[in-house]
Each structure stands twice: as structure tokens, then as C-alpha cells.
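Fold the following.
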Amino acid sequence: MKRITMFTSFAVALSLVLSCSDKGETDIPVNDWPWGDKPQPEQPQEPEKPVVKDEPYQAYVDAGWTNVGDTYGELPEHISVYKSPATLQDKAAIAYIAVVDLAKGDWDVWSVKSDLTYKTDDSYKTPSQVYEATKAPIITNAGYFYYSGGNYTSSLAVSGGELLAYNINYASEDWVSIYYPTRAALMEKKDGSIDACWTYVNGSGVHYTYQTPADNSYDKDPLQVPSATFPEKGVKFEAQTAIGGGPVLINAGKYANTWKAEMFDVGGVNPTSNQPRTAVGVTADKKMILFVCEGRSMTEGIKGLTTEDVANVLLDLGCVEAINLDGGGSSCMLINGQETIKVSDGKQRSVASTVMFK
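Here you go, the predicted structure:
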């Protein structure tokens, strides 16, 4: 009761003072606080909420892939980078994928230039050297090549509609029996469609693509030279951008892995053993994926993958077309010029071609 009485008395007294003032009503200081003309203390501000970027490929995250793009500096919004879960295809793995939305970004190829003899006077380059020249945010190694008293290419390369190199058109186990394999390519045509296919160029430079490979095998006699009608009706080669390699891993949404028909059981590809691998594929909604995995125990316990494994990984990621690229000591992915996997040569290998995302 005392508090009510004191407050009431104070209010009455204040009312009397104000009513007796000589000042007009507009001169009376009006405050929103009860302690006079002192400024109201600042209210604590809520901390700013961190900006959460939209995850463009939630299905990959749900499958165990981790978005690591920020680890490598700023990337264009149409490019994302993910690190694999600890196992792929029931094997210990360290792998990365770079994904570009081709509705907003682009892909391209750097390559030495060769002719139908496959010889080139150009120098091979490490992926880092290509990065220094192009500053492309994503770069991987690409097609096959070899050295035999000079530099030679083995894989197709097209950039800006210019044919820079061809898929090699012969193979042999003993250099007595000569085979004529059709070899893998991933091609973007001028209409924007992208296709994994098999190619062959004859000695006169006549160049075809096919949707099925010539069914060659070292277990049987060589088949005829591919042509306009063999192994099926050929389509004249035409591409805006293309990269060769092999084997085809996925064609028209289905598992392919045609290493035997492409005659990769001889040479350094080793399709059935665990190795560092590089591959490229595209999804039905035109997201292109570059894949690379570590191997050869550069990290303890990480041996690599087979081409079958890589095909299945890319199928799981939604690819409907995909090919294997050069692997082993060539396998390398750069993100803003920084390495991802530990390359199995201990340093970057100089290569004949690279694939880039922009």
C-alpha cells in the first residue's frame, strides 16, 4: 500500500508542477524513458546469421560426398567440388568430382596438335602449366599419349571446333597381327548435345563415330577396318568440343566399360586392376562431371579403382554418358591451381591434353 500511496502522491505533485508551468505544451521535454533526459542505453544486437549457401547437389551430399569447394578458394557459382566418402564400391577411396552446370558454364580442352601420324612437335605440359596459361578453375589430365623418339598423341582432342588430335586407329599384342579398334570419345556437337561414342579415322582422314564398338578381341583374328557401314552405319565426325580416351564407361544411360573391344587389355590402362583414375561424364540435365581418384598407396590403404568401379560411381552420380581418361601417374585434378589427390609419380606428369571447366 505504501508504494501505491507514494506513486500516487508523486503523480499528483508532478501534475501540479506541469499545470503551473509558464511554458507551452510544445516546450515540455517528452521522454520515452523514466530517468530524465539521459539517452536510452543501446539494446544488444542479435548476432548476424551466417549466410548459408544453397547446396546445388543435395543428392551427392546424401550419398556421402562432401562439398569442399570453399577449401580451394572462390569458384564460379556454376561449379561445385566434392570429396568422396571414405569408401567407393566397397574400397577405401580418396576421390574428387568437379561438377559444372553447362547451362551457365562451359568446358574446353587443351591439347598438343598432331596429324594422322600422331606425331607432334608441341611440348607436353603439366596441369599446373596449363593452369598458368588459362587460369581455368578446374583442370584434369585427359587423353593418352606416348614417347617414341618424339612426342605422340593417342587420343582425340577438339577445341572450338578445331580438330587437334585423333584417336589412335591401330593396336597389336605382338606387332604381327594388327587390329583396328574403335576408341572412346566424349563429344559436344554444335547443337549442344553431348555423346559418348566410339570413333575411327582411316589413313585418308575419313572420320566416323559409332554408337557400338567394333567387337575386337585379342582372343580372335582381327576384324575388318571400320568404315561407313562397319561396325554399324557410321556418322561423319563433327564436334565443337571433344576429348578421347577409353574405354567408354556409360552409353545412353547404360553401363558399357568396353575395354576389351577397345583393346585396352594390352598397355598401361590395366582396366581390371586398382589404379588412380580420371574420367568425364555428363548427366541427363547437362551437368558435366570430372572424376579423379587417388591410388597406388600414395595414401596408405588407398589402392585405386578399376574402370568397372569408376563406371558404377558415375552411374550412381547420374551420368548417362561417360568415358575413362588416362590414369595412373597422369591422374591429377587442380582446383584454382591447387592439387587434390596425391599424384602417383610424386609430381605432376607432363601430359598431351587436359579437360577444363570454366
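
For the closest residue to residue 103 other than its chain neighbours, give me its contacts.
Leaving aside its sequence neighbours, residue 103 sits nearest to residue 286 (C-beta to C-beta, 6 or more residues apart in numbering; 6.3 Å). Every C-beta, even on glycine, is put in place using the N, C-alpha and C of the backbone. Applying C-beta atoms under 8 Å, 6 or more residues apart in numbering, one finds that residue 286 lies in contact with 101, 102, 103, 194.

and of those residues, the nearest to residue 274?
The nearest member of these to residue 274, counting by C-beta to C-beta, is residue 194 at 28.8 Å.

wouldn't that closest one be in contact with residue 187 here?
Yes. Between residue 194 and residue 187 there is a contact at 6.9 Å, judged by C-beta atoms under 8 Å.

helices and strands of this protein: which one bottoms out on pLDDT?
Within the chain, confidence by mean pLDDT, DSSP states H and E is lowest for helix 2-20 among all helices and strands, at a mean of 37.

and the closest residue to residue 352 other than its chain neighbours, how many neighbours?
What sits nearest to residue 352 in space, not counting adjacent residues and going by C-beta to C-beta, 6+ apart, is residue 145, at 3.5 Å. Other residues within reach of residue 145, judged by other C-beta atoms under 10 Å, total 26.

Would you quantify the distance from residue 145 to residue 107?
Noted for residue 145: a distance of 20 Å to residue 107, by C-beta to C-beta, to the nearest Å.

same thing with residue 157?
Taking C-beta to C-beta, one finds residue 157 at 13 Å from residue 107.

So for those two, which sits in the more crowded spot?
When neighbours are counted by other C-beta under 10 Å, residue 157 comes out ahead of the other of residue 157 and residue 107, with 29 against 22.

In the protein, where is pLDDT below threshold?
Scanning the chain with the threshold set as pLDDT under 70 gives 1-53.

can you rerun that using 50?
For the chain, applying pLDDT under 50 flags the ranges 1-36, 49-52.

Would you state the helices of the stretch 201-350 of the chain in chain order?
Here the stretch 201-350 of the chain has its helices, by DSSP state H, counting those that start in this stretch, at 307-316.

What segments of it are strands?
In the stretch 201-350 of the chain, the strands defined using DSSP state E, counting those that start in this stretch lie at 207-210, 235-236, 241-245, 248-251, 254-255, 277-283, 287-293, 319-324, 333-335, 338-339.

How far away from the center of its chain is the fourth one?
When C-alpha coordinates are averaged (C-alpha atoms, centre = their mean, to the nearest Å), strand 248-251 and its chain have centres 17 Å apart.

Partner strands of it, with direction?
With DSSP bridges as the test, strand 248-251 is paired with strand 254-255 (antiparallel), strand 319-324 (antiparallel).

Residues contacting the first one, please?
Spelled out, that is strand 254-255. 249, 311, 312, 315.

before we move on, the earlier item: these two touch, right, the residue nearest to residue 352 and residue 157?
No. In this structure, residue 145 is not within contact of residue 157 by C-beta under 8 Å, at 10.3 Å.

what is in contact with the two at once?
352, 353.

Show the end-to-end separation of stretch 131-146, please.
22 Å (C-alpha to C-alpha, to the nearest Å).

and that stretch, which residues are buried?
Within stretch 131-146, the residues that count as buried by 16 or more other C-beta atoms under 10 Å are 131, 136, 137, 138, 139, 140, 141, 142, 143, 144, 145.

for stretch 82-99, same thing?
82, 83, 84, 88, 91, 93, 94, 95, 96, 97, 98, 99.

tell me the contacts of the fifth one?
When you say that, I think you mean residue 91. With C-beta under 8 Å, 6+ apart, residue 91 has these contacts: 274, 303, 305, 309.

quick one: contacts for the closest residue to residue 337 other than its chain neighbours?
Leaving aside its sequence neighbours, residue 337 sits nearest to residue 131 (C-beta to C-beta, 6+ apart; 4.6 Å). By C-beta under 8 Å, 6+ apart, the residues touching residue 131 are 139, 334, 337.

Against residue 335, how distant is residue 131?
If you go by C-beta to C-beta, the gap between residue 131 and residue 335 works out to 10 Å.

Spatially nearest residue to residue 355 (excluding sequence neighbours)?
Closest residue in space to residue 355, ignoring its immediate chain neighbours: residue 142 at 4.8 Å, by C-beta to C-beta, 6+ apart.

actually residue 261, not the one I wrote
Distances taken as C-beta to C-beta, 6+ apart put residue 213 closest to residue 261, at 4.3 Å, once the chain neighbours are dropped.

Many thanks, we can stop here.
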